Structures are given as structure tokens and as C-alpha cells.
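K.L.:
3D, please:
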Amino acid sequence: MTGGTKRQKDMRKALRALLPRVPMHDAESILALALSGHLRHLPPSIALWQATTSHIRHELTDYDTLLEDGYDRDAARFFVVDEMNEVLRGWGCNKEVSGEPDA
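P.N.:
Here you go, the predicted model:
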């Protein structure tokens, strides 16, 4: 994870600051999401946070299963917020996901 464009370098630096203990395979997935076209217009820190929460929600919780079981998006997010915050703390993150809808 060296070299690249200025945005890629800024994103890696922001990732190390936000998630100092994130496993490499998760870091690579988060960076790929953060650098994707639909987040390109956002500042690195915001794109990275959105990519991080999306990765955790979809890959490390039962969020998608809850949706498949008929829960709406806000209810499913409510049920996984504690697990998401536990992952974030484990990765050394000082930010948390809010349990409030669309927060």
C-alpha cells in the first residue's frame, strides 16, 4: 500500500489515523470503497468514514440478513449499531456510529 495518486496517499494516511489497528484485508476493502467513483467528490476523511461504516455493516454484521428477513433499513441498522461500534473500538477508532436513523 504505497505510491499512487495524491488522493490515494491522503486516503491511506487518513485510514491509519482513523483505524490504527484495522486488519490489512479490511483496510484494503475499505480503501477500495473509499476510492470508488461515487465517493470521489467527498473529502478523504468523509469518504473513508462512509466506506468504513459500509464495510463493517455489510461484511461484519447481520445487517443484510436482517434486510432479507423483512426488517427495514433503519431497524436493521439499529440492531447492528452496537456490533459496528465494537468493531470500530477494536480497530482503535475514536468515532462511533449513531443509533439514530440517518445520523
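K.L.:
hey, let's count contacts and neighbours off CA atoms from now on
P.N.:
OK.
K.L.:
Now do the helix or strand harbouring residue 12: which elements does it pack against?
P.N.:
Assigned by DSSP states H and E, residue 12 belongs to helix 6-18. Helix 6-18 sits against helix 24-34, helix 44-59, with contacts defined as 3 or more Cα pairs under 8 Å, 6 or more residues apart in numbering; DSSP states H and E.
K.L.:
Look at residue 21 and tell me its secondary structure.
P.N.:
Assigned with DSSP: H, G, I helix; E, B strand; the rest coil, residue 21 falls in the coil class.
K.L.:
Contacts only, for it.
P.N.:
For residue 21, the contact set (Cα atoms under 8 Å, 6 or more residues apart in numbering) comprises 90, 91, 92.
K.L.:
for the helices and strands packed on helix 6-18, which one sits closest to residue 6?
P.N.:
Comparison of the helices and strands packed on helix 6-18 against residue 6 by Cα to Cα identifies helix 44-59 as nearest, at 10.5 Å.
K.L.:
Can you name every helix or strand that the closest one contacts?
P.N.:
Checking 3+ Cα pairs under 8 Å, 6+ apart, helix 44-59 ends up next to helix 6-18, helix 24-34, helix 73-90.
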